[in-house]
Each structure stands twice: as structure tokens, then as C-alpha cells.
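K.L.:
turn this into a model:
(one chain, ligands or ions: 1)
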Amino acid sequence: MASSSLRFAQPTFPNSILKTKTNTFFVSKSVFLTPVPNKGKASNAHAITKLACVNKTTEIAACNQIIGDVNSKLTPLRIGIIGFGNFGQFIAEGLRRQGHFVLATSRSDYSEYCKQNGMQFFRNMDALCEEQPDVILVCSSILSTENIIRSIPINKLKPDTIFADVLSVKQFPRNLFLEILPPGFGIVCTHPMFGPESGKNGWNGLPFVFEKVRVTDTGAQAEKCTQFLDIFEQEGCRMVEMTCEEHDRHAAGSQFITHTIGRILSHLNLESTPINTKGYETLLQLTENTVSDSFDLYYGLFMYNVNATEQMDNLDRAFETVKQKLYSRLHDILRKQIVERVPMQGELRTKSTNSLSYLPDGESIKKLASLSMSEIKLSEAVTVSSPR
Ligand code: NAP
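P.N.:
Now for the predicted structure:
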């Protein structure tokens with residue numbers, strides 16, 4: 001891969017110099033290089049943002065060597081996960097893959113799981129906080145988060161600890177963190193837009209939303225925050241920096257709608273058929289994915305996102321609109337038959353009476369009319385009896 005896929009800024013103030021066989025690099029925390037968007041090379045590109053290369057024609061292979069050097073010099077983070085259920089375990093796997101230490105605590109006992117997966121489990125929050133992790137990563141259900149955060153023994157933590165969360169709503173945890181945490185604590189709100197189902201084959205290309213709500217510009221906290229976000233970048237996530245407000249607006253119109261449709265479909269008990277279309281397969285998959293998440297999660301998406309009610313109303317209206325479109329067309333046909341005596345296409349005359357059997361009986365008409373908002377009045381429809 002040639003160096004043309006990266007643009008290098010001029011180094012300003014080198015903090016240290018690294019030498020490879022072919023090149024000399026200034027590693028500068030103050031210089032941020034702009035990687036040219038290049039799919040599949042995201043992780044390299046990000047790591048290189050930390051490097052200022054003296055030689056603009058340097059090849060990526062050489063840079064990779066430097067990245068290795070730099071990464072190996074960084075101390076792995078100690079990340080304390082609070083809430084070690086479905087998603088907590090899933091995310092912990094990625095943190096571990098990237099060489100960081102996972103410490104966990106939860107309402108339930110996951111000590112056996114942790115033992116088998118090279119992680120450390122603590123039976124309570126006090127014990128976890130005494131370990132003074134660099135990052136506290138909140139992975140609890142949206143509904144339980146406030147109680148959980150309020151019960152964290154903050155005084156046991158280092159004064160520059162970074163608090164991060166993965167909640168599927170963002171304004172709520174951001175406000176909670178800002179309200180509860182002392183000013184020295186860092187705050188990074190994140191939402192990995194994938195889960196154990198959609199991310200089971202890797203995180204490459206999957207969106208990772210984050211907002212650095214309160215992080216120092218320089219120093220240990222800034223470095224640890226970068227190191228923490230690097231985990232997801234190195235896993236190939238598509239990093240999307242946006243405010244918590246923006247996130248909640250987008251998520252209500254996309255994720256909440258998706259979950260709602262999945263929940264509705266799950267009440268239809270859909271089954272696979274011998275003639276599944278691609279679209280139907282998608283619906284089956286959606287239903288399966290949606291119901292594999294807890295109802296608490298879905299309720300949290302509704303209750304803790306200020307935009308969710310509006311989307312629910314929009315969905316309701318959209319369904320009514322579609323229904324009305326169908327039923328009003330049906331009414332047009334019925335009216336033609338009733339008023340103009342036009343037989344329906346393909347209708348047969350009954351042998352015995354030679355009369356037309358195209359009209360439904362009065363009761364059916366009444367039902368159809370009640371389903372529609374068309375301009376035909378119910379009273380007009382029911383007074384017409386079918387000529388049987
Ligand atoms: P969840 O039902 O939203 O949360 C389960 C977690 O919350 C478990 O760790 C559980 O602890 C804990 N919990 C629930 N009620 C509790 C209570 N009353 N007191 C203390 N802890 C309680 O399911 P999840 O899928 O694991 O999601 C966890 C978080 O990740 C949520 O905030 C969700 O929005 C976010 N997230 C999920 C996904 C996903 O695809 N699932 C994707 C992105 C983000 P125990 O297991 O110990 O009982």
C-alpha cells in the first residue's frame with residue numbers, strides 16, 4: 001500500500017523520535033494528521049493520527065511498524081464494567097481482544113464467566129472501585145442506570161477517572177454524569193450501534209457514536225480517552241462523533257422505529273414458509289433480533305428518549321394512512337357496484353337466479369365501511385341490501 005492514501009501534516013514539536021530501518025519519525029501529541037478516508041484501513045489511519053512523519057513518502061508498512069512500537073509503549077487500560085449482562089459481556093470481549101484488562105461487577109454473579117475469559121469479577125461496586133480502574137464503563141440497563149450510578153463509591157476512584165457508557169439513549173446518561181460526577185472526572189458518552197447479534201462476526205464497518213462530553217485537552221486523561229476510543233477504531237468501527245442530542249434525534253427515527261416494528265411483528269408469530277421472499281426473510285430476521293433484546297431495553301428507548309413519543313405517533317399515523325388508502329379504494333369499488341351496478345371482474349352469475357353475486361351482504365358492507373374514513377357515509381352503505 002503506497003503512502004498516497006494518507007496525508008501528513010508537518011510535525012511541529014516532536015515529543016520523541018522513533019527510528020525504523022528505513023525512516024525516522026517524530027511522535028508528536030500536538031500534531032494531528034488527517035487520514036484520507038480509506039475504507040479497510042481505518043485502524044491504521046487512526047493510529048497514524050498520532051504520528052508526525054518526517055518523510056511524506058513513507059509507506060504505510062513502515063508506519064505500521066511505528067504504530068506497533070507506539071502501541072507497545074502504551075500501558076493497557078484497566079476498564080471497570082458495571083452491568084455485565086448481555087451487552088456488557090459482548091463489549092468486554094472486544095476490550096480484551098485489544099489487550100486491555102477487564103474488571104466487572106453486576107447485580108448477578110458472573111465470576112465463573114470472568115474466570116473462563118481472563119477477566120476479573122467483583123461481587124460489589126466497592127470492591128471494583130477499590131481497584132481504581134482508568135475507565136468505568138457503564139453497561140447497565142437504561143432503567144437501572146440512575147440507581148447504579150448514584151450508588152458508585154466515587155471517593156474510592158482516582159480523581160481523573162473517565163466515565164463512559166454504552167446506553168442506547170444519550171442525553172439521559174450525559175445529564176446524569178454531569179450532575180453526579182465531580183468536575184475532575186472525564187465523561188465520554190458512547191453508543192455502539194450494534195450488539196451481540198449484529199456484531200457477532202466482528203465490528204468492522206459498524207457505527208460507533210461518541211461524544212467527548214468532558215475530557216481534558218492534554219495530560220493523562222486525554223491520552224486515556226484516546227486510548228479508549230482507539231479500541232473501537234482498531235476493531236474497525238466507523239467512528240461517528242456527534243452530540244448526545246443529535247444521537248437521540250437520529251436514534252428515535254431509526255433504532256426506535258426498527259425495534260417497534262420488530263416488536264409489532266413478533267406479535268404476529270410469523271413463521272418461515274417454503275416460499276419466503278427476501279423481504280420476508282428480512283422481517284423474520286428483524287423480529288428475531290429485536291426480541292433477543294430485553295423488553296427493558298426497548299422500554300428504555302421509549303421512556304428515556306425525548307423524541308420517541310413523536311416517532312410512535314408518526315408510526316401510528318403512517319399505519320392509519322396506509323389503511324385508509326386501501327379501504328377507501330375498496331369503497332370506490334363497492335360504490336360502483338352499489339350505485340352503478342357494475343359487476344366485479346370475474347364474478348359469475350348464479351345458475352338458479354341468474355342474478356349477480358358480486359355484492360357482499362349488508363353486514364360485510366357495514367364492517368368495511370367502519371374501517372374506512374372515506375366520504376361514503378355508513379348509513380348510505382348499510383341501507384343497500386345485496387341482490388341475492
Ligand atoms: P439490558 O436489559 O438493557 O441490561 C441488562 C443489564 O442491566 C445487566 O447487566 C443487568 O445486570 C443490569 N440490570 C438490569 N436491571 C438491573 C437492576 N435493577 N439493578 C442492577 N442491574 C440491573 O440488556 P443489555 O442488552 O445487556 O444492554 C445493556 C446496555 O447496553 C443498555 O444500556 C443498552 O441500551 C446498551 N446497548 C445494548 C445493545 C444491544 O444490542 N443489546 C447495543 C448497544 C447498547 P445483571 O445481568 O447482573 O442482572
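
K.L.:
C-alpha from now on. contacts and neighbour counts both.
P.N.:
Fine.

K.L.:
helix or strand for the closest residue to the ligand within the stretch 251-388 of the chain, which one?
P.N.:
In the stretch 251-388 of the chain, the residue that lies nearest the ligand is Leu297 (4.1 Å; CA to the nearest ligand atom). Mapping Leu297 onto the secondary structure by DSSP states H and E places it in helix 295-303.

K.L.:
buried residues in that helix?
P.N.:
Using 16 or more other CA atoms under 10 Å as the test for burial, helix 295-303 gives 297-298, 300-302.

K.L.:
do the same with stretch 127-141
P.N.:
128-129, 132-141.

K.L.:
CSV for the residues you listed, including secondary structure and pLDDT?
P.N.:
Shown next, in CSV, are the buried residues of stretch 127-141 (DSSP: H, G, I helix; E, B strand; the rest coil; pLDDT from 0 to 100):
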residue, secondary structure, pLDDT
Leu128, helix, 98
Cys129, helix, 98
Gln132, coil, 98
Pro133, coil, 98
Asp134, coil, 98
Val135, strand, 98
Ile136, strand, 98
Leu137, strand, 98
Val138, strand, 98
Cys139, coil, 98
Ser140, coil, 98
Ser141, coil, 98
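
K.L.:
so which of those residues are also by the ligand?
P.N.:
Applying CA under 6 Å from any ligand atom to these, one finds that 139-141 fall near the ligand.

K.L.:
which strands and helices sit next to the helix holding Leu297?
P.N.:
Contacts of helix 295-303 with other secondary structure elements, assessed using 3 or more CA pairs under 8 Å, 6 or more residues apart in numbering; DSSP states H and E, are made with helix 142-150, helix 308-340.

K.L.:
got any ranges where the stretch 201-350 of the chain has weak pLDDT?
P.N.:
Using pLDDT under 70 as the threshold, the predicted model of the stretch 201-350 of the chain has low-confidence ranges 344-350.

K.L.:
for the stretch 1-150 of the chain, list the residues in contact with the ligand, please.
P.N.:
Among all residues of the stretch 1-150 of the chain, those adjacent to the ligand (criterion: CA under 6 Å from any ligand atom) are 83-88, 106-108, 139-142, 144.

K.L.:
try it again with 5 Å
P.N.:
With CA under 5 Å from any ligand atom as the criterion, the stretch 1-150 of the chain comes near the ligand at residues 83-87, 106-108, 139-142, 144.

K.L.:
pull the most distant pair out of those residues.
P.N.:
Spatially, the most separated pair among those is Ser108 and Ile142, at 16.6 Å (CA to CA).

K.L.:
ok, those two, which is more surrounded?
P.N.:
Set side by side, Ser108 and Ile142 show unequal neighbour counts under other CA atoms under 10 Å, the larger going to Ile142 at 23 against 11.

K.L.:
strands of the stretch 51-200 of the chain, residue ranges please.
P.N.:
For the stretch 51-200 of the chain, strands defined by DSSP state E, counting those that start in this stretch occupy the ranges 51-53, 78-82, 101-105, 120-122, 135-138, 162-165, 186-192.

K.L.:
quick one on the thing from earlier: I'd like to know which of the residues of the stretch 1-150 of the chain next to the ligand is nearest to Leu229.
P.N.:
The shortest separation between Leu229 and any of these is 15.9 Å, and it belongs to Cys139 (by CA to CA).

K.L.:
got a list of what the closest one touches?
P.N.:
81-85, 87-88, 165-167 (CA atoms under 8 Å, 6 or more residues apart in numbering).

K.L.:
same thing with Asp109?
P.N.:
Contact criterion CA under 8 Å, 6+ apart gives Arg123 as the residues in contact with Asp109.

K.L.:
got the phi and psi for it?
P.N.:
Backbone geometry at Asp109, expressed as degrees, to the nearest 10, gives phi -90, psi 110.

K.L.:
mind checking how far it is from Ser140?
P.N.:
From Asp109 across to Ser140, the span is 14 Å (CA to CA, to the nearest Å).

K.L.:
what does Glu233 give?
P.N.:
With the distance defined as CA to CA, Glu233 ends up 23 Å from Ser140.

K.L.:
again with Leu297
P.N.:
With distances taken as CA to CA, Leu297 is found 10 Å from Ser140.

K.L.:
quick check, stretch 191-209 touching the ligand?
P.N.:
Yes: part of stretch 191-209 sits near the ligand under the criterion CA under 5 Å from any ligand atom, namely Gly195.
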